[in-house]
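1. sequence below, structure please.
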Amino acid sequence: MNNNDIELSWFKSSYSSGEGGMCVEVAATADTVHVRDSKNHHGAQLAFSIREWDAFIGRLTAEEFGA
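-> Below you'll find the model as predicted:
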């Protein structure tokens with residue numbers, strides 16, 4: 001099954017302003033977290049394993065990426 005066959009419930013970032021900035025939407029399944037551009041629903045999507053997503057969020061929380 002590919003990602004297009006899965007019914008996903010997308011959530012827009014709470015930091016989105018609606019003023020045309022760079023915003024993302026996220027959808028989760030039991031095994032993956034999907035990310036897409038909130039202004040281009042039919043464009044490319046990224047899919048991460050839960051383990052990869054947890055590592056990414058952990059690094060964000062630790063502010064390892066800088067401002």
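2. using the three-state scheme, assign Asn40.
-> The local conformation at Asn40, judged by DSSP: H, G, I helix; E, B strand; the rest coil, is coil.
3. repeat that for Glu52.
-> Going by three-state DSSP, the state assigned to Glu52 is helix.
4. what about it, how many residues nearby?
-> Taking other C-beta atoms under 10 Å as the neighbour definition, Glu52 ends up with a count of 13. Any C-beta I mention is one placed from the backbone N, CA and C, and that applies to glycine too.
5. distance check, it against Thr61.
-> Between Glu52 and Thr61 the distance, using C-beta to C-beta, to the nearest Å, works out to 15 Å.
6. and if you look at Leu46?
-> Counting by C-beta to C-beta, the gap between Leu46 and Thr61 amounts to 19 Å.
7. what of Cys23?
-> Applying C-beta to C-beta, one obtains 20 Å for the distance of Cys23 from Thr61.
8. of those two, which one has the most company?
-> Neighbours around Cys23 and Thr61, counted as other C-beta under 10 Å, are more numerous at Cys23. The numbers are 15 against 8.
9. if I look at that one, how far off is Lys39?
-> Using C-beta to C-beta, Cys23 is found at 7 Å from Lys39.
10. can you check Ser9 too?
-> Counting by C-beta to C-beta, the gap from Ser9 to Lys39 is 18 Å.
11. mind jotting down where the strands sit in the chain?
-> For the chain, applying DSSP state E gives strands covering 11-12, 24-28, 32-37, 45-49.
12. what's the second one packed up against?
-> It stands for strand 24-28. With contacts taken as 3 or more C-beta pairs under 8 Å, 6 or more residues apart in numbering; DSSP states H and E, strand 24-28 sits against strand 11-12, strand 32-37.
13. now with 6 Å?
-> strand 32-37 (3 or more C-beta pairs under 6 Å, 6 or more residues apart in numbering; DSSP states H and E).
14. who's in contact with stretch 31-45?
-> Contacts with stretch 31-45, where a contact means C-beta atoms under 6 Å, 6 or more residues apart in numbering, come from 8, 12, 23-27, 46-48, 53.
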